[in-house]
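Engineer: The sequence and its predicted three-dimensional model are supplied below.
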Amino acid sequence: MNSIISALNKGIEAAGVDRKRISITSDIPFEPEAVRSLGVDYFQTPRGRAIAFGTGLKLGNPSLKVIPVVGDLMTLGGNHFVHGGRRNMELLVICVNNFVYKKIAGIPAPSTQATFSPYSTFEEPFNFPHLGNSCGAVYTARWTALHTKELAASVSEALHKRGLSMIEVLAPGPNYYRRIDVVESELLQFYFENSVVKNNEDPRNAAITGDDKIIVGKFTDKERPTFIDSYNVQHTKILGDKFTPHGPASEKQKVSGGKNG
Amino acid sequence: MKADKNGVLSGSHVLSGNQACAEGALAAGCRFLGLYPIVPSIEISERFLERAPQVGATFIQMEDEVSALAAVLGASWTGKKSMTVTSGPGLSLMMEHLGLGVMLETPCVIADIQGVGPGLGLPTHPAQGDMMQARWGSHGDYEIVALAPSSPQEMFDYTIKAFNFSERYRIPVAIMSDAHVARLKETVLIPPADQINVEPRRYYEGAKDSYLPFKRDKDFVPRMVDIGQGYRFHVTGLTHDDRGYPIMFEECQEYNVHPLVWKIRQAADKIVEVQETDTDEADVVVVSYGATSRAALKAIKQARDSGIKVGSLKLVTVWPFPEKRVAELAKRARAFVVPEMNCGQVVLEVERNTYGEANVFFVPHGDNGVEHTEDILSAIKQASQTNVAKSGIIELA
């Protein structure tokens, strides 16, 4: 978690985004002081709802940059992600993949690898970048938590993308994953050493199988109109001058700094 | 504070209950609607969507009711008055975020247009089967406000009331309407904007550094600021302290969650609203709300014409329930008659608050729906003729 906060910190710094305009929504708890040190607003939502909650934040105030950090992305929050991608809602989704439900003693998740888990699962796991890419995300990438520089660069890059971006971070999830005697740091080292950077690889090939090397890198980087773009275009087409476009260029907010600024 | 002229369609209009609800929301300053379409609430969103771009409001059709209410909560934190509309099956999905809304003390409004349940039921037919769900459906202890309109005019008026309560107490407020009122078309008078009172958001006005997002004022209600201003909010659905940091101890549960309940209970006298006619002299009091009030008032008139001393207690707020008033009336009246479009929900509250001092007759959802005046009339007659005190609720077939 600390490496993710550190990467977010560096990424936000490099992107040059005003921190008070950033909101992190998350369905996994962050250490309060750690997230406070980022200088952003933070909301912890129920399991899986970070993207849905973030959608409300973004639409309520389009000048915000919203970063949903999700743990069990494709379970409870799966449909929110799919539709977020389809709409191209401007969100930077950080998917923390530790292959298990870490907070509840390593129970298998939809990301669990059969070969990694001694007797707990036989289901096919998700390939998150492929899923994101298919749903219409404009940016997908995967890094391990030890690829700190690359991860921070991805965050910085994705913060400037207009639309839904997704960065999958492979983070250690200990407990019953792989072997009980493997501790977190060793596991992290294991991911790092077993990964190979392949930028622009077709995300279809990026499934984590457990047999091959883990493919990391940036997979998708494209442009599409965002939800707010399409919303404005459609209403302007129908209503003409009667419609005031909705968007980050809401001058009133910038001038006054909002109600309490 | 007066309403924003932009959203108020002043004048006399013929509107359905659903349309009036949308107009009420816009008049109250609602500028965000998160929805997932469901019969019979569609016309609220239709009307809102049609008018939204012209008044600077935003909407989004989400992928389900869970995310619809989640987005509403999010939008509310950015300073926009927000609402969602749904029906029974949707309300069931919203229970997760209803509880979150209570815990995060987020003002928002949920319009529930009730159809017949459980399960898929008869979605196009009116019912009042969600009354207890709104009160108890989410896990843990909580209190919310629920209003029950009985006409398009009341749909307009109560929607404004709902937004005002939600801002005043920082809670989700439910408008518990039904398919009958929602479709009914009647004249709705929308007053000029300067005659509509709108509760402003209770913003924090101190120094930025000393702001504590969950520090309660004397009414147990914390002050808000909009996000994105550099306050470095930490907001969590876990039990939290004044800073919003999670604290996992029982002591904090008492400190954090008990006031969520008490802020409504201690203000109940201010929140509770009923419309009473002829209750002081009444032998029989008819307690009704929502669409059933319409049939009840007709039955009451017929009963009075035939010489029975009957009064009407129409609930404006169903939650909090007018406990004190029912207890007072129970000492004087011989019986209560409670018609509802369900198998007995609010009647339980009536019975509880009579403390055994009056008989309670219940008229359930019948073959013809409860808009069957004769059923209520015969219940009133029977109630006025029963001299013996009976225990429990007397259900009439």
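Structural biologist: On my side now, so go ahead. Numbering: from 1, shown residues only, chains lettered A, B, ... in the order given.

Engineer: any idea whether residue B:113 is helix, strand or coil?
Structural biologist: strand (DSSP: H, G, I helix; E, B strand; the rest coil).

Engineer: in the stretch 251-397 of chain B, which spans are helices?
Structural biologist: For the stretch 251-397 of chain B, the helices defined by DSSP state H, counting those that start in this stretch cover B:268-271, B:291-305, B:323-332, B:346-354, B:373-385.

Engineer: elements contacting the last one?
Structural biologist: In terms of contact count using 3 or more Cβ pairs under 8 Å, 6 or more residues apart in numbering or on different chains; DSSP states H and E, helix B:373-385 is assigned the packing partners strand B:284-288, helix B:291-305, strand B:335-339, strand B:359-363. C-betas here are computed from N, CA, C, even on glycine.

Engineer: Can you get me a residue count around the residue of the stretch 51-200 of chain A found nearest chain B?
Structural biologist: Closest residue of the stretch 51-200 of chain A to chain B, Cβ to the nearest Cβ: residue A:56 (2.5 Å). Residues near residue A:56, counting by other Cβ atoms under 10 Å in any protein chain shown, number 31.

Engineer: Go ahead and report the secondary structure state at residue A:96.
Structural biologist: Classification of residue A:96 using three-state DSSP returns strand.

Engineer: Any stretches of the stretch 101-250 of chain A with poor pLDDT?
Structural biologist: For the stretch 101-250 of chain A, the stretches with pLDDT under 70 are A:101-122, A:173-187, A:210, A:248-250.

Engineer: got the residues of it near chain B?
Structural biologist: A:227, A:231, A:235, A:239, A:242, A:243, A:244, A:246 (Cβ under 8 Å from any Cβ of the partner chain).

Engineer: quick one: which of the residues you listed sit in strands?
Structural biologist: Among those, none falls in strands (DSSP state E).

Engineer: Just the buried ones from the residues you listed, in ChimeraX syntax?
Structural biologist: The buried residues among these can be selected in ChimeraX (16 or more other Cβ atoms under 10 Å in any protein chain shown) with this line:
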select /A:227,231,235,243,246
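
Engineer: Leaving out chain neighbours, which residue sits closest to residue B:104?
Structural biologist: residue B:235 (5.8 Å; Cβ to Cβ, 6 or more residues apart in numbering or on different chains).

Engineer: Can you read off the pLDDT for that neighbour?
Structural biologist: Looking at residue B:235, its pLDDT reads 92.

Engineer: what's near enough to touch it?
Structural biologist: A:41, A:42, A:43, A:44, B:77, B:104, B:213, B:244 (Cβ atoms under 8 Å, 6 or more residues apart in numbering or on different chains).

Engineer: what about it, which helix or strand?
Structural biologist: strand B:234-236 (DSSP states H and E).

Engineer: List the contacts of the nearest residue to residue A:160 once chain neighbours are set aside.
Structural biologist: Nearest non-adjacent residue to residue A:160, counting by Cβ to Cβ, 6+ apart: residue A:15, 6.1 Å away. By Cβ under 8 Å, 6+ apart, the contact list for residue A:15 reads A:155, A:156, A:157, A:159, A:160.

Engineer: Now for the residues of the stretch 101-250 of chain A next to chain B: which two are most distant?
Structural biologist: A:227 and A:242 (21.0 Å; Cβ to Cβ).

Engineer: Give me the nearest residue to the closest residue to chain A within the stretch 101-250 of chain B, chain neighbours excluded.
Structural biologist: Proximity of the stretch 101-250 of chain B to chain A (Cβ to the nearest Cβ) peaks at residue B:230, 3.4 Å away. Excluding the flanking residues, the one nearest residue B:230 by Cβ to Cβ, 6+ apart is residue A:20, at 3.4 Å.

Engineer: got it, and residue B:175?
Structural biologist: residue B:111 (4.4 Å).

Engineer: Give me the three-state assignment for the residue of the stretch 51-200 of chain A closest to chain B.
Structural biologist: Classification of residue A:56 by three-state DSSP places it in helix.

Engineer: what's near enough to touch residue 26?
Structural biologist: Just going to use chain A. A:42, A:43, A:44, A:45, A:50, A:68, A:69, A:70.

Engineer: should've been chain B
Structural biologist: B:7, B:8, B:9, B:48, B:51, B:52, B:55, B:57.

Engineer: Could you list which of the residues you listed belong to helices?
Structural biologist: B:48, B:51, B:52, B:55 (DSSP state H).

Engineer: And the closest residue to the third one other than its chain neighbours, which helix or strand is it part of?
Structural biologist: Going back to what we said before, that points to residue B:52. Leaving aside its sequence neighbours, residue B:52 sits nearest to residue B:59 (Cβ to Cβ, 6+ apart; 5.2 Å). Here residue B:59 sits within strand B:58-61, counting by DSSP H and E.

Engineer: Residues of the stretch 1-150 of chain B that sit close to chain A?
Structural biologist: Contacts of the stretch 1-150 of chain B with chain A, taken as Cβ under 8 Å from any Cβ, map to B:32, B:34, B:53-54, B:56, B:58, B:60, B:62-64, B:66-67, B:70-80, B:82, B:96-97, B:100, B:104.
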